[in-house]
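Participant: got a sequence here, can you build the structure:
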Amino acid sequence: MATDPDRSTPVAPRRKAGRHRGEGQWAAGHFTPLNGNEQFKKDDDGLNVRTRIETIYSKRGFHSIDPNDLRGRMRWWGLYTQRKPGIDGGKTAILEPEELDDEHFMLRVRIDGGRLTTEQLRVIGEISQEFARGTADITDRQNIQYHWIRIEDMPEIWRRLEGVGLSTTEACGDTPRVILGSPVAGIAEDEIIDGTPAIDEIHRRIVGNPAFSNLPRKFKSAISGSPLLDVAHEINDIAFVGVRHPERGPGFDLWVGGGLSTNPKIGQRLGAWVPLDEVADVYEGVISIFRDYGYRRLRTRARLKFLLADWGAEKFRRVLEDEYLLRKLVDGPAPEQPLERWRDHVGVHRQKDGTYYVGFAPRVGRVDGTTLTKIADLAAGHGSGRLRTTAEQKMIVLDVAEDQVPSLVAGLESLDLTVRPSPFRRGTMACTGIEFCKLAIVETKARGASLIDELERRIPDFDEPITININGCPNACARIQVADIGLKGQLVLDENGDQVEGFQVHLGGALGLEAGFGRKVRGLKVTSAALPDYVERVLKRFQAERADGERFAAWAARADEDALS
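Facilitator: Residues are numbered from 1 along each chain as shown. Next up, the predicted model:
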């Protein structure tokens, strides 16, 4: 060790200056693959795996699948291996991927804008019954998700889906995922602007295009012209929100950089007003920034929200304008506060053409193939050829004549698909959970359904909008941080000191123009068995202590910790 000539104390030798390895940004010249995912994407585009599925894997079976296809590229076509039955949550982080893999798949059907015809829904239901053991879940991204899919059946499933205009292209993977759209686009009396043409144009340009099939991570999108702000725009990578410019009329306010998971961020406004015919151009510019400047070195920092956090909204807009659009965007207003608390369109509502749409609530998004075919038959039998899924795990039948509404409602109610749900049925959301998900630690769907039943029985007079979101792991697919009561699955200790399924509790999260993340009370965890008791206790305290007109989120933010535990 060297010695400073002016001091007797030793000093460390200077390290040779080295080049910073960067964040893996292509635009900065960092093309060398920096993790396994970047390597397999460099080796072969995920879009190419479909040929191997159709010509090799479907003929030779599960054990013929290349591991990089099995746990990587197959996602580009909506396929994930599902969890092997019987593996408890304590093994989730311990076992190797091949030990968790079942020989069946989850398959996600992509439904941009949530738009379905009765024919499409009938085919979805028939595929469920024939190939997926009856499974079919409505997701909070307007998709339909199957389980128990065999690789041998995929060519026939694709043939049937594509025969009615549906697809699984880029439903998963490091790709431009489904584009959320207002489920009442083009029909609502109070709509600011219909974003459907923009969704169609983006889909035409971007989906399945090799220029955008290798992104640093997934890219989530939303477009809505509804004043209800009904697509959770705050937590998407890019969102276009309907606004009225004081001089230019209806258009969209541009948001970027939202996302949840283990490092949640609320999206930021860029302060730009975008007319309908320029939405696809702006979308292409933003996704190109993500492709070129997004971080690829670490998967944990590869979402757009991290780039935006480092750049800030002003620089992001400047790069978008100067390097990609080659023109300046128009400054514009922010969205107005929605007048209604519910954003799911459940109930009976008049359309602008004088007919009605009817929104109904399954339990935590769980339906089945038989039910879906019956919904399609009901809709068609009452004069409707169109349905929509929502970003809240609900479904809507469109274009129903006034005299047909009562019998349609009765038919839906007979399937346990209520048009007038309790706040608990309406506001409870759950992810897939340990039943099928390899990342999950606890059960969610059945837990959510039973919680609804318990709360309806215990607090029948509760009539406030309330969201209860249940997630099987920390990844927040069910949006736990922005729920009134968010429940993050984990193993906890019960009163006997035994490790059991349970939840960390988040309280007072919200979306809307007062969006924010829920509060965590130190040490507050609850076992799955004690969950109904806990939620009942907190909601009754809210009823007793709330100020006139006060929302749960506001009460939870100011309440003493004792009242929340």
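
Participant: what about the residue nearest to residue 540 when sequence neighbours are not counted, neighbour count?
Facilitator: Spatially, and ignoring its direct neighbours in sequence, residue 540 is nearest to residue 459 (6.9 Å; C-beta to C-beta, 6 or more residues apart in numbering). Where C-beta positions appear, they are placed from N, C-alpha and C, glycine not excepted. For residue 459, the neighbour count with other C-beta atoms under 10 Å is 17.

Participant: and for the one 3 residues further on?
Facilitator: The local packing count at residue 462 equals 17, with neighbours defined by other C-beta under 10 Å.

Participant: now swap in residue 271 and tell me
Facilitator: Residue 271 has 16 nearby residues by other C-beta under 10 Å.

Participant: ok, now residue 498?
Facilitator: 9.

Participant: same question, residue 475
Facilitator: Residues lying near residue 475 (other C-beta under 10 Å) number 17.

Participant: secondary structure class of the residue nearest to it when sequence neighbours are not counted, three-state.
Facilitator: Leaving aside its sequence neighbours, residue 475 sits nearest to residue 261 (C-beta to C-beta, 6+ apart; 5.1 Å). The three-state label given to residue 261 by DSSP: H, G, I helix; E, B strand; the rest coil is coil.

Participant: now swap in the one 10 residues further on and tell me
Facilitator: Per three-state DSSP, the local secondary structure of residue 271 is strand.

Participant: so who does it touch?
Facilitator: 254, 313, 317, 331, 332 (C-beta atoms under 8 Å, 6 or more residues apart in numbering).

Participant: so the last one sits right up against residue 244, yeah?
Facilitator: If I follow you right, that is residue 332. No: in this structure residue 332 lies outside contact range of residue 244 using C-beta atoms under 8 Å: 9.3 Å.

Participant: partner residues bridging residue 487?
Facilitator: When assigned by DSSP bridges, residue 487 has beta-bridge partners residue 470, residue 505.

Participant: which residues does the residue most central in space within the chain contact?
Facilitator: Closest residue to the average C-alpha location of the chain: residue 141 at 4.5 Å, with C-alpha atoms, centre = their mean. Counting by C-beta under 8 Å, 6+ apart, residue 141 touches 177, 178, 180, 220, 391.

Participant: any idea whether it is helix, strand or coil?
Facilitator: Under three-state DSSP, residue 141 falls in the coil class.

Participant: list the buried ones in stretch 203-213?
Facilitator: In terms of neighbour count (16 or more other C-beta atoms under 10 Å), stretch 203-213 has its buried residues at 203, 205, 206, 207, 208, 212, 213.

Participant: and the pLDDT at residue 341?
Facilitator: For residue 341, the pLDDT comes out at 87.

Participant: check the one 4 residues further on too.
Facilitator: At residue 345, the pLDDT value in this model is 97.

Participant: shaky segments in this protein?
Facilitator: The chain contains residues with pLDDT under 70 at 1-21, 513.

Participant: so the nearest residue to residue 492 once chain neighbours are set aside is in which element?
Facilitator: The shortest distance from residue 492 to any non-neighbouring residue, by C-beta to C-beta, 6+ apart, is to residue 502 (3.4 Å). Secondary structure assignment for residue 502, by DSSP states H and E: strand 499-507.

Participant: tell me the helix or strand right after that strand.
Facilitator: Immediately after strand 499-507, counting by DSSP H and E, sits strand 525-527.

Participant: and the strands in the stretch 51-200 of the chain?
Facilitator: Per DSSP state E, counting those that start in this stretch, the stretch 51-200 of the chain carries strands over the ranges 79-83, 101-109, 115-117, 135-138, 144-149, 176-181.

Participant: contacting residues for the nearest residue to residue 309 once chain neighbours are set aside?
Facilitator: Using C-beta to C-beta, 6+ apart and skipping the chain neighbours, the partner closest in space to residue 309 is residue 265 (6.7 Å). Residue 265 makes contact with 257, 258, 259, 305, 308, 309 under the criterion C-beta under 8 Å, 6+ apart.

Participant: from residue 234, how far out is the first one?
Facilitator: Residue 257 is 10 Å from residue 234, where distance means C-beta to C-beta, to the nearest Å.

Participant: same check, this time on the fifth one
Facilitator: The spacing between residue 308 and residue 234, counted by C-beta to C-beta, is 13 Å.

Participant: with the third one instead?
Facilitator: When C-beta to C-beta is the yardstick, residue 259 and residue 234 sit 10 Å from each other.

Participant: joint contacts of these two?
Facilitator: In contact with both residue 259 and residue 234: residue 267, using C-beta under 8 Å, 6+ apart.

Participant: who wins for proximity to residue 345 among the strands of the stretch 51-200 of the chain?
Facilitator: Across the strands of the stretch 51-200 of the chain, residue 345 has its closest neighbour in strand 176-181 (12.3 Å, C-beta to C-beta).

Participant: that closest one versus strand 101-109: what angle between them?
Facilitator: 40 degrees (axes from the mean of the first three to the mean of the last three C-alpha atoms, to 10 degrees).

Participant: nearest residue to residue 305 other than its sequence neighbours?
Facilitator: Nearest to residue 305 is residue 265, by C-beta to C-beta, 6+ apart, at 4.1 Å.

Participant: what does that neighbour show for phi and psi?
Facilitator: phi -140, psi 140 (degrees, to the nearest 10).

Participant: and if you look at residue 245?
Facilitator: Residue torsions, per degrees, to the nearest 10, at residue 245 are phi -80, psi 140.

Participant: OK, contacts around it?
Facilitator: Contacts of residue 245 by C-beta under 8 Å, 6+ apart are 251, 273, 330, 332, 333.

Participant: which of those are buried?
Facilitator: Of those, these count as buried by 16+ other C-beta under 10 Å: 251, 273, 332.

Participant: mind putting the residues you listed into a markdown table with distance to residue 79?
Facilitator: Output for the buried ones among the contacts of residue 245, formatted as a markdown table (distance: C-beta to C-beta, whole Å):
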| residue | distance to residue 79 |
| --- | --- |
| 251 | 38 |
| 273 | 39 |
| 332 | 40 |
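
Participant: hang on, the earlier thing: which residues are common contacts for residue 308 and residue 234?
Facilitator: Contacts common to residue 308 and residue 234, judged by C-beta under 8 Å, 6+ apart, are absent.

Participant: isn't residue 175 right next to residue 216, touching?
Facilitator: No: contact between residue 175 and residue 216 fails when scored by C-beta under 8 Å: they sit 10.9 Å apart.

Participant: and residue 335, helix, strand or coil?
Facilitator: Residue 335 is classified as coil under three-state DSSP.

Participant: burial measure for the residue lying closest to it once chain neighbours are set aside, as a count.
Facilitator: Distances taken as C-beta to C-beta, 6+ apart put residue 241 closest to residue 335, at 4.9 Å, once the chain neighbours are dropped. Neighbourhood size, residue 241 [other C-beta under 10 Å]: 27.

Participant: show residues contacting stretch 79-99.
Facilitator: Contacts for stretch 79-99 (C-beta under 8 Å, 6+ apart): 67, 70-71, 74, 100-102, 104-108, 147-149, 154, 168, 172, 434-442, 473, 489, 491, 499, 501.

Participant: for PyMOL, write a command that selects the buried ones of those residues.
Facilitator: To isolate the buried ones among the contacts of stretch 79-99 in PyMOL, judged by 16+ other C-beta under 10 Å, type:
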select buried, resi 70+71+74+100+101+102+104+105+106+107+108+147+148+149+154+168+172+434+435+436+437+438+439+440+441+442+473+489+491+501
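
Participant: which strand residues bridge the residue nearest to residue 305?
Facilitator: residue 259.

Participant: for residue 34, see how far away it is.
Facilitator: Taken as C-beta to C-beta, the span from residue 265 to residue 34 is 23 Å.

Participant: what do you get for residue 378?
Facilitator: For residue 378, the distance to residue 34 - C-beta to C-beta - is 52 Å.

Participant: who has more neighbours out of these two?
Facilitator: The neighbour count for residue 378 versus residue 34, taken as other C-beta under 10 Å, is higher for residue 378 (22 against 18).
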